[in-house]
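Trainee: can you look at this prediction? I've put the sequence above it.
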Amino acid sequence: MILYILVNNYNLIMNGGTNMENLPNCPKCNSEYTYEDGSLLVCPECAYEWNPEDLAEKEVVIKDVNGNVLNDGDSVTVVKDLKVKGSSSSIKIGTKVKSIRLVPDAADGHDIECKIDGFGAMKLKSSVVKKA
Ligand SMILES: [Zn+2]
């Protein structure tokens, strides 16, 4: 009986989730045109994806070395020389990085994805950049 109730509640949640009018606005840009992709919600305007179950627990804020809040699409400047794995060259202090993408749940602490000229796709820690 207990099992039955749990399953039933689960179905209610899932059914509620398929109703477009009940989807929350994008937590990043407040767009109302969010849609579901599996268990994730996706914003078509800023490309943010999130799990609605995570959202209630924590609002992730990623800050640069100076404590300024970073957002997807920001441009930043690298504040220290960074060695690059598999490369003999390093990313120099002062390197400008455009259109960063934040990775709030990064397990290894590299919470910024970006492309750097001459290096390609890279992951950086927010502690080594400042908002440009
Ligand atoms: Zn958005």
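Mentor: Now that the structure is in, tell me what you want to look at.
Trainee: C-alpha only now, for contacts and for neighbours.
Mentor: Fine.
Trainee: tell me where the model's unsure across this structure.
Mentor: 1-21, 55-59 (pLDDT under 70).
Trainee: what does it have sitting close to the ion?
Mentor: With CA under 5 Å from the ion as the criterion, the chain meets the ion at residues 26, 29, 43, 46.
Trainee: tell me if the first one really is in a strand.
Mentor: No - in this structure, C26 is coil, not part of a strand, as judged by DSSP: H, G, I helix; E, B strand; the rest coil.
Trainee: run a quick neighbour tally on it.
Mentor: Look at C26: counted by other CA atoms under 10 Å, it has 22 neighbours.
Trainee: re earlier: PyMOL command to pick out the buried ones of the residues of the chain next to the ion?
Mentor: In PyMOL syntax, the buried subset of the residues of the chain next to the ion is picked out as below (16 or more other CA atoms under 10 Å):
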select buried, resi 26+43
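Trainee: which of the residues of the chain next to the ion lies closest to K63?
Mentor: Using CA to CA, C29 is the member of the residues of the chain next to the ion that lies nearest K63, at 17.5 Å.
Trainee: quick check, that closest one in contact with C46.
Mentor: Yes - in this structure, C29 is within contact of C46 by CA atoms under 8 Å, at 6.9 Å.
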